[in-house]
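Novice: quick one, structure for this:
(one chain, ligands or ions: 1)
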Amino acid sequence: MTGTPTTPTTPTTRRGGSPVVETRDLVRDFKRTRAVDHLSITVDAGEAVGYIGANGAGKSTTIKMLTGILKPTSGTVRTCGRDPLTDRVEVARRVGVVFGQRSQLWWDLPLGESFTILAAIHRLEPAAARARAARLVEQLEMGPQLSTPVRSLSLGQRMRAEVAAALLHRPELLVLDEPTIGLDVLSKQRLREFLVAERRERGTTLLLTTHDMGDIERLCDRVLVVDHGRLAFDGTLPGLAATVGARRVLVVDLAAPTAPLQGIPGTALLAGEPDGLRQRLAFDPAETTAAEVLAHVSARAEVRDLTIEEPDIEDVVRRIYAASR
Ligand SMILES: Nc1ncnc2c1ncn2[C@@H]1O[C@H](COP(=O)(O)OP(=O)(O)OP(=O)(O)O)[C@@H](O)[C@H]1O
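Specialist: Predicted coordinates:
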């Protein structure tokens, strides 16, 4: 890795919109811990930004300051151009927040009633609110759950409901804290597809924390890495993967036992099953593509099935730490 990782690296091209999130020298101390340490970040209108870091790096504390839940120790924070502490109501009007571990829905009420109550809280015009809720319900395929009490929803259904609730008032910024944690593959996919569509249709700015590289890959144009409360990286995901040398792994299930798939350009063969039926090839996306690797494999053996293992964010972040020692 080149340069010191705690020096922000190549920022991506900015869209030139006005900042939706802007922090300058933001600090938050708890008794003995500096959770956020002179953090200066900017997110422009229409961007989709992944905010990542190891457990305890300061992500939730930052988000709580952006949304007016926590007061900074020092420094400034502007969300949609406002101070989230003194302009709480205006910020709440313009921002939607989803905390994966916490619900904003009424547990014992049918889901549809939560939407009605939220619309009233946001003082939305009833007909417009009903139309917006109906559209979200349709897009998120939640119609059958509208009369179900929230406590009886599956985790995937509840997360989609949380996202719908956070978007009911058409916020400019949607902040998502671990939106796909614990979801099965299909639920993750549905939620990601919805968020991509929402962004395309309404230009909603996304800021999300996640431990899932798939969320970043499918949703974000830009990644911010926080390490011990400080900004450690600001750039694209390929830029981050290249910076830390993160590899992807192509896992192939072969039709017949096959000799180890050694010597495929740009790959390293990882330990596989002894019969050679399942083999794992690590590759650097900067050097080759999954399609090229697969073409080489197919020339040697019949491929029955394949999966690609993404670099794990914890692993990427561990590599950043290792490089900073
Ligand atoms: N209310 C609190 N009181 C004391 N310390 C806190 C409090 N909230 C957070 N911290 C500490 O601040 C640091 C940053 O915590 P934070 O929750 O922001 O990290 P995080 O990156 O969101 O982690 P995770 O991925 O585990 O949610 C940690 O050392 C944490 O223990």
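Novice: and the chain, which residues reach the ligand?
Specialist: Within reach of the ligand by C-beta under 6 Å from any ligand atom, the chain has these residues: 30, 33, 35, 53, 55-61. To be clear about C-beta, it is placed using only N, CA and C from the backbone, and glycine gets the same treatment.
Novice: show me these that map onto strands.
Specialist: In strands, defined here by DSSP state E, the members of these are residue 35.
Novice: which members of the residues of the chain next to the ligand are classed as buried?
Specialist: Among those, those that count as buried by neighbour count (16 or more other C-beta atoms under 10 Å) are 35, 53, 57-61.
Novice: what sits closest to residue 115 if chain neighbours are left out?
Specialist: Leaving aside its sequence neighbours, residue 115 sits nearest to residue 133 (C-beta to C-beta, 6 or more residues apart in numbering; 4.6 Å).
Novice: does the one you found count as helix, strand or coil?
Specialist: The local conformation at residue 133, judged by DSSP: H, G, I helix; E, B strand; the rest coil, is helix.
Novice: from here on, call the first residue 50.
Specialist: I'll keep to 50 as the first residue from here, and by that count the last item is residue 182.
Novice: pretty sure it contacts residue 217?
Specialist: Yes: taking C-beta atoms under 8 Å as the definition, residue 182 is a contact partner of residue 217 at 6.2 Å.
Novice: between those two, what contacts are shared?
Specialist: 164, 168 (C-beta atoms under 8 Å, 6 or more residues apart in numbering).
Novice: name the residues of stretch 261-271 that are buried.
Specialist: Quick answer for stretch 261-271 (16+ other C-beta under 10 Å): 261-262, 264-266, 268-271.
Novice: show me those that map onto strands.
Specialist: Using DSSP E, the members of the buried residues of stretch 261-271 that fall in strands are residue 271.
Novice: now the buried residues of stretch 261-271 as CSV including distance to residue 241?
Specialist: CSV is the format used below for the buried residues of stretch 261-271 (distance: C-beta to C-beta, whole Å):
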residue, distance to residue 241
261, 10
262, 12
264, 7
265, 11
266, 9
268, 6
269, 11
270, 14
271, 17
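Novice: give me the number of residues near residue 324?
Specialist: 10 (other C-beta atoms under 10 Å).
Novice: am I right that it sits in a strand?
Specialist: No: under three-state DSSP, residue 324 sits outside any strand and is assigned coil.
Novice: on that earlier part again, from the buried residues of stretch 261-271, which has minimum pLDDT?
Specialist: Among the buried residues of stretch 261-271, residue 262 carries the weakest pLDDT, at 81.
Novice: wait, isn't that one in contact with residue 365?
Specialist: Yes: in this structure residue 262 lies within contact range of residue 365 using C-beta under 8 Å: 7.4 Å.
Novice: could you find the closest non-adjacent residue to residue 125?
Specialist: Distances taken as C-beta to C-beta, 6+ apart place residue 73 nearest to residue 125, at 4.7 Å, with adjacent residues excluded.
Novice: any low-confidence regions in this structure?
Specialist: The model of the chain has pLDDT under 70 over residues 50-66, 294, 361-363, 367, 369-374.
Novice: let's see 50
Specialist: Scanning the chain for pLDDT under 50 picks out the ranges 50-64.
Novice: quick one: the helices in it?
Specialist: Ranges of helices in the chain, per DSSP state H, are 108-115, 137-143, 160-170, 175-188, 204-216, 234-251, 262-268, 286-293, 339-349, 362-373.
Novice: and the first one, what other elements does it pack with?
Specialist: The elements that helix 108-115 packs onto, with contact taken as 3 or more C-beta pairs under 8 Å, 6 or more residues apart in numbering; DSSP states H and E, are strand 68-78, strand 83-93, strand 97-101, strand 123-128, strand 222-226, strand 254-258.
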